[in-house]
Each structure stands twice: as structure tokens, then as C-alpha cells.
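Enquirer: dropping the sequence and predicted coords here.
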Amino acid sequence: MGRVSFQTSPPRYRHWRLSTDGPVATLVLDVDEAGGLVPGYDLKLNSYDLGVDIELYDAAQRLRFEYPEVRSVVVTSGKDRIFCAGANIRMLAASSHPWKVNFCKFTNETRNGIEDATDNSGQTWIAALNGTASGGGYELALACDRILLVDDRSSVVSLPELPLLGVLPGTGGLTRVTDKRHVRRDLADYFSTRSEGIGGKKAVAWKLVDELVPRMRWQEVLAERARGSAESSARLPGGPGIELTELAKARSRSAVSYQHVTAALDRDRAVAEITVSGPADGPPASMDGVYALGADFWPLAVARELDDLILDLRTNEPEIGTWVLKTAGAAARVLAHDDLLLAHYDSDWLAREIVLYLKRTLKRLDVTSRSLIALLEPGSCFAGSLLELALAADRSYLLSGVFETVPPTTGDADAAPAAVTVGAMNLGPLPMGNGLTRLATRFLGDPEALSAAEKALGEPLEAAGAERLGLVTFAPDDIDWEEEVRIAVEERASFSPDALTGLEANYRFAGPETIETKIFGRLTAWQNWIFYRPNASGPDGALRAYGTGKRADFDRKRV
């Protein structure tokens, strides 16, 4: 199979139809059975694979940026008596373990983005289940704010993964049933072991759905609920929609490049060196200038490019296990762009959407199973929103002073010593999945250190100051720089990737547990482990036995 591309647009969709009617948008899932991303399976019963979810993610992004008038989004099915059968079982059974993990992770992130749109963008998502919703299909409904189920005496909701497949719901189902919909634990246990699902009045009584609607009143009630959500929306005013144009991307075996983001791929060392360039100019004088620039506005362009790069490398380069993060440019211009967005965050929908997109992209970096090492060199611009890259890293190295001999990668003999600058973006607008800023997570349980870092707001801190405040891990000088960085990168490549993933995921999510950290930390870890086990993926496991008429042969030992 060739490389997977995450770029698409509505005219190219094979599985979704997007339409709008004033403040209401409708997304219809009508999966092309023959449209699987890879050969070997048919997408029957509105089941999905990564290709289906790529289109859903694209649609969700476009609704936020291209349709500011939309305040309610209805998700329904184009097929009779079936909403969605969830992830395609044949696809899962035939997929490699890394493919299954990345598929589940991306699907989780898309579901979280739907909830973020409801919570922060004034676009409330409603699941209109005009038929049975199973597994991942019900998990998609769980990500919506409200779930309507048609009352036709046959449609149900179910999470049948455990009894039928020997695995768990992989996109947040267990967590959202209890922590979001507040289904009682004992009822949730029964529900998740009952392959035929729950429907009718019991589904409402157990809080699995919000409303049971007679088929003859289906369209009428759905329209009423969509209008009601739109009328109560807190969507901010602002200018016209912004078209998310095709990214200018060049891809080869050794490099990925966009306008502001590049990645050099060193396959021998299993390293991707990612450089994010700061803005070439200062920001526009007002939001009118931002609307005029559209998708070319630097913060939006960087968020889109970095988002696409993370997905590309995660999916297409699973053996490149270390990402080295760099920046280049003027810190003052980064902070000026941040300040413009934050000045209008509470009054203009576009300013808010760009900040929220930065937040989601950085969260995607947080949950990526790669070692992240930030290098802060002369000429870098780790300030404000770009400082978040260094704070997201597992380690960071800031050069003390300047290079006596300029490395060929920098090419600037006159660059000032590297510095970091805490900006307003670091103090709240870009939280992690645990609900805390990366600074607060860094200094968890040390309020004095956090306060000292926050008080340095706007102050460029070179090596001594940054190290004293704990904003970087190490600050070697020119003599030690090359050797320390080399050892750090080579050491990473020598360790077990599995153990590194566990280590990094634990340390990145210190602090309070949320629905989001449960989904990515606990549930994803369980699912990854279960996917490896012979009870699920072995030659006689449930995934391979499904649909053959054979029963799975389980190893009965509990471990």
C-alpha cells in the first residue's frame, strides 16, 4: 500500500455527504462498500475504515472554518435501518498492530474534536440514529451532545466488541458511557456484554440515548431539535467563512515540506528533524487583515501544516521513532500574532477557531508515540505558541551562548543566543488533555516554580535564566552541545520502542485524570494490549473467527 494522505475535500468524499441549510448542517454517512482504503474487505452496513474517518475529520474542520453560520450539526445515515456498524472487522483482522493503533488513535482524536466543537465553538453535534448503531458507530454517537434513536422496534445501540470480538470499544465507548452519559456501572457492564444491544424505552431509561422518536415523526422532531440547538448556540460573530485550501506539500523519501514546516527524515538514525518557521512579517493590524489572508494567516497555516505532518509521520513512518523539534525566526513576531488572536478570542469566531486548532494540534503531538526532543539554538523562536513545542517535548536542550563554528544547518553566523519567552498563550488557551497548561503540568505540585515561570511573561530568557526557571532540561555550551545531543538521540534509538511509548505516555499526562486522558492513557493502552493477545488476534482468536461460524478458542488464564 502506498502512503496515506490525510488531505481531502467534499467533492472527493466517497462516504459522506455534507449539506447546510442556514444554521443547520447535515452530515450523511453513506459508505461506499467498495471504497476501502486498502483492498481485501467490503465496507458493509456503513462500517468504516481509516478512509471514512479521514473524510469525517475533514468535514468537521471545514464546518468550523468554512461555515461560521452553522450552529447545529446533525449526523445521520443514508442507509435504511442502519446508522453505522462501527469499524470494519475484516479490516481490523487483516491489519498490522501499528495500523490498528494509529487507526484507533486518529478516530479518538476526531471524536474529541467533535466534542470540542460543541463545547467551545457553538456548533452542537446531534446524532440522529435512524437505525442500529453498533461499536464504533455508537461511539460516534457518544461524541455528540444529543442522541436521538428511531423507535421502529428493531433499532438498538450496542458495544459488542467484548462478546463478539474479544476486544474493547477502541474509541472511548466505555469511558463516555460512564463518565459522560453517567450510565450506572452495573448497567454499563450488562450493556457492554450484550451483543444484541439495547433499544427502545430501556435505552432512554439507562441514559444510553436521550430520546426515542417514532418513525412517522422522525424528520419533524429532528428538525425541531436541530433548530433548538442552533437558536441556543453561543457561536461568536465575525466575518465570512475561510476556505481551507489544499496544502502546498512536497513529499519525498527523505523530506516532507510545507510553506512553514519542514521535516528531514534520517532513516539510518530513525530520526525526523522538524523545523517550524516563524512568521516572515508582523501580524495584520486587525481581524479584517486576518480574514483577507484566510488560510495563509501564519498561525492557521502552521496549525494545518503541523497537523498534517504529525498524521503523515505517525501513519507512514512508524519506524522513525524520534522527532527533533526546532524553530526558526523572530520571537517577537510569534508573540505579536498570538496577541492579536487572544485580543479577539472572546469576540470573533475566527480568532477563537485558530486558537482551538492550535490546541488540538498540540494535543495530537502529546499523544503521539514518538520520542520528542526540542533543540533551542541561535535563531530559534520558541516563544508563546511555539514555546509549547518545547514544553511538549520529553526533553529540551538550549545552547548556552552561540556556536563558535556555525553548523551548516543554521547558516547564520550573526544569530543571537537562543532564548525562550513565556507568552500569554502559555498561560491557559492551549491546555493539554488533562485540563492543565503544559507549564502547570511541568511544575505539577510546585506552585512556586509555576508562579516564577508565569511571572517571566514576555521576558526573553537565555540559557541561565531558562535553566534556573526549569523551562529547559539542559543548557550545554558549544563545546558539549553536539555530543550531548548525539547521545540523547542515539540513546533513544537503542531503547525498546514499546517501553518508551509507555514511559512517555505516563510522564506526559501527570496530574488530574479526565475523560480525554482516560481514553488515550487507560483505554488505548488496554486496547493495544488486547489487540496483541492471541484471544483477539491469534489464529483462533475472536477477530479471525468472527463471521466464519467458528467459536474463538480462548486461553482461559487471567493475566
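Expert: Arrived safely, thanks for sending.
Enquirer: how about the strands in the stretch 251-400 of the chain?
Expert: All strands of the stretch 251-400 of the chain, identified by DSSP state E, counting those that start in this stretch, fall at 255-257, 261-266, 271-277, 322-328, 371-376, 382-383, 395-398.
Enquirer: so who does G228 touch?
Expert: By CB atoms under 8 Å, 6 or more residues apart in numbering, the contact list for G228 is empty. Where C-beta positions appear, they are placed from N, C-alpha and C, glycine not excepted.
Enquirer: so the closest residue to D553 other than its chain neighbours, which of the three states?
Expert: Take D553 and drop its neighbours on the chain: the residue closest to it by CB to CB, 6 or more residues apart in numbering is D540, 3.9 Å away. Recorded secondary structure, D540: coil (DSSP: H, G, I helix; E, B strand; the rest coil).
Enquirer: N506: neighbouring residues, count only.
Expert: Applying other CB atoms under 10 Å, we find 11 other residues in the vicinity of N506.
Enquirer: please name the nearest non-neighbouring residue to it.
Expert: That would be G521: by CB to CB, 6+ apart, it lies 7.8 Å from N506.
Enquirer: residues near the one you found, how many?
Expert: Using other CB under 10 Å as the criterion, G521 is surrounded by 19 other residues.
Enquirer: what sits against it?
Expert: 505-506, 509, 513.
Enquirer: if any of those residues are buried, put those into a ChimeraX selection.
Expert: Restricted to buried positions by 16 or more other CB atoms under 10 Å, the ChimeraX selection for the contacts of G521 reads:
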select :505,509
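Enquirer: reformat the contacts of G521 as a markdown table; add secondary structure and pLDDT.
Expert: Formatted as a markdown table, the entries for those read as follows, by DSSP: H, G, I helix; E, B strand; the rest coil; pLDDT from 0 to 100:
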| residue | secondary structure | pLDDT |
| --- | --- | --- |
| A505 | helix | 87 |
| N506 | helix | 88 |
| F509 | coil | 85 |
| E513 | coil | 93 |
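Enquirer: including distance to K455, could the contacts of G521 go into CSV?
Expert: CSV is the format used below for the contacts of G521 (distance: CB to CB, whole Å):
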residue, distance to K455
A505, 31
N506, 30
F509, 26
E513, 29
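Enquirer: show me what L372 is bridged to.
Expert: Per DSSP bridges, the residues bridged to L372 are W323.
Enquirer: return the residues in contact with it.
Expert: 323, 325, 365, 392-395, 504.
Enquirer: ranking the strands of the stretch 251-400 of the chain by burial, who's on top?
Expert: Per residue and on average, the most neighbours among the strands of the stretch 251-400 of the chain fall to strand 382-383, with a mean of 30 (mean count of other CB atoms under 10 Å).
Enquirer: what pairs with it, and is each one parallel or antiparallel?
Expert: strand 420-421 (parallel).
Enquirer: still on that earlier bit, just the contacts of L372: which has the poorest pLDDT?
Expert: Minimum pLDDT across the contacts of L372 is recorded for E504, with 92.
Enquirer: on the three-state scheme, that one is what?
Expert: helix.
Enquirer: got a pLDDT number for the residue nearest the centre of the chain?
Expert: Taking CA atoms, centre = their mean as the criterion, E109 is the residue nearest the geometric centre of the chain, at 3.6 Å. The confidence metric pLDDT takes the value 96 at E109.
Enquirer: swap in N535?
Expert: pLDDT for N535: 89.
Enquirer: and what of D49?
Expert: D49 is given a pLDDT of 97.
Enquirer: my guess is it contacts N88, does it?
Expert: Yes. With contact defined as CB atoms under 8 Å, D49 counts as touching N88 (5.4 Å).
Enquirer: got the CA coordinates for the helix or strand where I479 lies in PDB?
Expert: Element membership for I479 (DSSP states H and E) is helix 478-494. In PDB, the C-alpha atoms belonging to helix 478-494 read as follows (Å, rounded to 0.1, in the frame of the first residue of the first chain):
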ATOM      1  CA  ASP A 478      29.100  24.900  22.300                       C
ATOM      2  CA  ILE A 479      31.800  22.500  23.500                       C
ATOM      3  CA  ASP A 480      29.400  19.900  24.800                       C
ATOM      4  CA  TRP A 481      26.300  20.600  22.600                       C
ATOM      5  CA  GLU A 482      27.000  18.200  19.700                       C
ATOM      6  CA  GLU A 483      28.000  15.300  21.900                       C
ATOM      7  CA  GLU A 484      25.100  15.700  24.400                       C
ATOM      8  CA  VAL A 485      22.500  15.900  21.600                       C
ATOM      9  CA  ARG A 486      24.000  13.000  19.700                       C
ATOM     10  CA  ILE A 487      24.000  10.800  22.800                       C
ATOM     11  CA  ALA A 488      20.400  11.700  23.600                       C
ATOM     12  CA  VAL A 489      19.200  10.800  20.100                       C
ATOM     13  CA  GLU A 490      21.200   7.600  19.800                       C
ATOM     14  CA  GLU A 491      20.200   6.500  23.200                       C
ATOM     15  CA  ARG A 492      16.600   6.900  22.300                       C
ATOM     16  CA  ALA A 493      17.000   4.700  19.200                       C
ATOM     17  CA  SER A 494      18.700   2.000  21.300                       C
END
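Enquirer: which parts of that helix are buried?
Expert: For helix 478-494, burial by neighbour count (16+ other CB under 10 Å) applies to 481, 485, 488-489, 492-493.
Enquirer: out of those residues, who's nearest C104?
Expert: The nearest member of these to C104, counting by CB to CB, is R492 at 24.5 Å.
Enquirer: can you name the residues in contact with stretch 207-219?
Expert: Contacting residues not belonging to stretch 207-219 are listed as 129-130, 141, 146-152, 157, 177, 181-183, 191, 198, 200-201, 203-204, 221-222, 225 [CB under 8 Å, 6+ apart].
Enquirer: tell me, how many residues neighbour the nearest residue to T245 once chain neighbours are set aside?
Expert: Closest residue to T245 apart from its sequence neighbours, by CB to CB, 6+ apart: A295 at 5.0 Å. When neighbours are defined as other CB under 10 Å, A295 has 14 of them.
Enquirer: would you check that A295 makes contact with A248?
Expert: No. Under the criterion of CB under 8 Å, A295 is not in contact with A248, lying 10.5 Å apart.
Enquirer: I'd like to know how many residues surround E377.
Expert: The tally of other residues near E377 (other CB under 10 Å) stands at 23.
Enquirer: pLDDT score for it?
Expert: Predicted confidence (pLDDT) for E377: 97.
Enquirer: quick one: contacts for it?
Expert: With contact taken as CB under 8 Å, 6+ apart, E377 is in contact with 326, 399, 403, 410, 415, 418.
Enquirer: from A328, how far off is it?
Expert: In this view, E377 and A328 are 9 Å apart by CB to CB, to the nearest Å.
Enquirer: sounds good, over and out.
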